[in-house]
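Chemist: Test case, fold it:
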Amino acid sequence: MVLTAGLGQWSSAWSPVQTEIARTTRACAWDRAGFGFSEASAARQDLVETTGDLARLLDAAGIEGPYVLVGHSAGGFESMLFADRHRERVAGMVLVDSTVPDQDRLTREAAPALRAYYERIEAESAFAIRRCIADLESGVPGAAAPDPNHCFDYPPDYPAALAAALRRLDADPARLATQLSLFHYYWSGEASRFMIDPRRHYGALPLIVLTAGERVAVEGMPADAIAQFPSQTAAWNRSHDALAALSVRGENRIVAGASHSIQRRRPEAVIAAVREVVEAARRRSRPAASRREFFEGQALERRQIHRAARTSSRIVKPHASSCTAPERWNSHKPEKTSAIPSPVIPRRNQICRGESDINGDRRSFEARRLPG
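Modeler: Numbering: from 1, shown residues only. Next up is the predicted model:
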């Protein structure tokens, strides 16, 4: 199981569900370059780079597939692109209120006032990040200095030790520059245009799309943008229906009472979807289960792929790991424990955290496996 967080988030986003998922299968969350405990990168942060980073991380860490990919929001793009490029390594997929191909245009058409509001917030955020980069390059604020421009604001539920560890890392302006590179790629609409592929189809891959059942207005959102929630929601739901249609076994589930971060508001919905996909993937992999079912599924996949192609006109170095007793992200100590120079398979009732060196840059991950 590979868990990919949304834009601007890191592996801690999965803390409400990762431990429970690990009772079903090994659950690995990772951090993009510049986020969480991963180092900065000089490379442009686009989907080719981040998805390639994920593939290299899995290889360097010795985490073998096939994988069930779980992506939240923008993490859905890396999940889909990984499946596009490594189909033989993917056994199933869960997309949690995922970003959709051509989303920038679809949102602009369905809810122009809402899109204009998002663009204003994105511009303000980019300005704030650039200001923090300039402050850090001038030496203020440092890792322990006052923070008048709020360059080191972390969620209030982060333990002091975790916030301090992140602040030490974020005192490197290259980290913020790496983050800004990724933000600009998404905010410009380039990511959603890149993901347009009329030929994309996953055959009979187990696939569940989870769609937020409610949209929440944030403080300061203008009335005309809020008024367009219904049209934006309708377009969003249609787009998620299209994601589910990427597999003949796909399903789009509206999760009542959940806003965008479904794993936080309704963690049980994510856990249930993951378990269903994992079980479906395991049934598909059993060679003796049904030879006839296997060949019928293969034939169905080929027919669906051919039909989609005819009718579509739209649109490394050794790693080090460490194992500790099970605990929640919000109570973990970020300091590394003893390093083990060879790939580590987690024993039952253990969590493995570690780093993999990819072309000289560290990428962090966490793998959990608990008894079922």
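Chemist: ok, now which ones touch residue 130?
Modeler: Residue 130 makes contact with residue 180, according to CB atoms under 8 Å, 6 or more residues apart in numbering. Every residue, glycine included, has its C-beta placed from N, CA and C.
Chemist: buried sites along whichever strand or helix holds it?
Modeler: Following DSSP states H and E, one finds residue 130 within helix 112-137. Neighbour-count burial for helix 112-137 flags 113, 114, 115, 117, 118, 129, 132, 133, 135, 136 (criterion: 16 or more other CB atoms under 10 Å).
Chemist: Please, where are all the helices along the stretch 101-250 of the chain?
Modeler: Ranges of helices in the stretch 101-250 of the chain, per DSSP state H, counting those that start in this stretch, are 103-110, 112-137, 160-170, 173-187, 190-194, 223-226, 229-244.
Chemist: packing partners for the last one?
Modeler: Contacts of helix 229-244 with other secondary structure elements, assessed using 3 or more CB pairs under 8 Å, 6 or more residues apart in numbering; DSSP states H and E, are made with helix 103-110, strand 207-212, strand 250-255.
Chemist: Please identify the deepest-packed of these.
Modeler: Of all the helices and strands packed on helix 229-244, strand 207-212 carries the top mean neighbour count, a mean of 25, counting by mean count of other CB atoms under 10 Å.
Chemist: Distance from the chain centre to that strand, please.
Modeler: Relative to its chain's centre, strand 207-212 lies at 14 Å (CA atoms, centre = their mean, to the nearest Å).
Chemist: how far off helix 229-244 does that strand point, in degrees?
Modeler: The directions of strand 207-212 and helix 229-244 differ by 170 degrees, with axes from the mean of the first three to the mean of the last three CA atoms, to 10 degrees as the criterion.
Chemist: Report the contact partners of the spatially closest residue to residue 88 that is not a sequence neighbour.
Modeler: Sequence neighbours aside, residue 66 is the residue nearest to residue 88 in space, at 7.6 Å (criterion: CB to CB, 6 or more residues apart in numbering). Residues in contact with residue 66 (CB under 8 Å, 6+ apart) are 88, 89, 90, 91, 281, 285.
Chemist: from those residues, which would you call buried?
Modeler: Using 16+ other CB under 10 Å, the buried ones in the contacts of residue 66 are 89, 90, 91, 281.
Chemist: The residues you listed in helices, which ones?
Modeler: The helices, defined by DSSP state H, take in residue 281 from those.
Chemist: Look up how far residue 107 lies from residue 116.
Modeler: Distance, residue 116 to residue 107, by CB to CB, to the nearest Å: 10 Å.
Chemist: picking that back up, reformat the helices and strands packed on helix 229-244 as TSV; add mean pLDDT and distance to residue 77.
Modeler: TSV is the format used below for the helices and strands packed on helix 229-244 (pLDDT from 0 to 100; distance: least, CB to CB, whole Å):
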stretch	mean pLDDT	distance to residue 77
helix 103-110	95	10
strand 207-212	98	14
strand 250-255	97	17
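Chemist: closest to residue 50 out of the ones you listed?
Modeler: Nearest to residue 50 among those is helix 103-110 (17.0 Å), distances taken as CB to CB.
Chemist: who's in contact with the closest one?
Modeler: With CB under 8 Å, 6+ apart, helix 103-110 has contacts from 100, 114-115, 118, 189, 192-193, 228, 231-232, 234-235, 239.
Chemist: How about the contacts made by residue 112?
Modeler: Counting by CB under 8 Å, 6+ apart, residue 112 touches residue 228.
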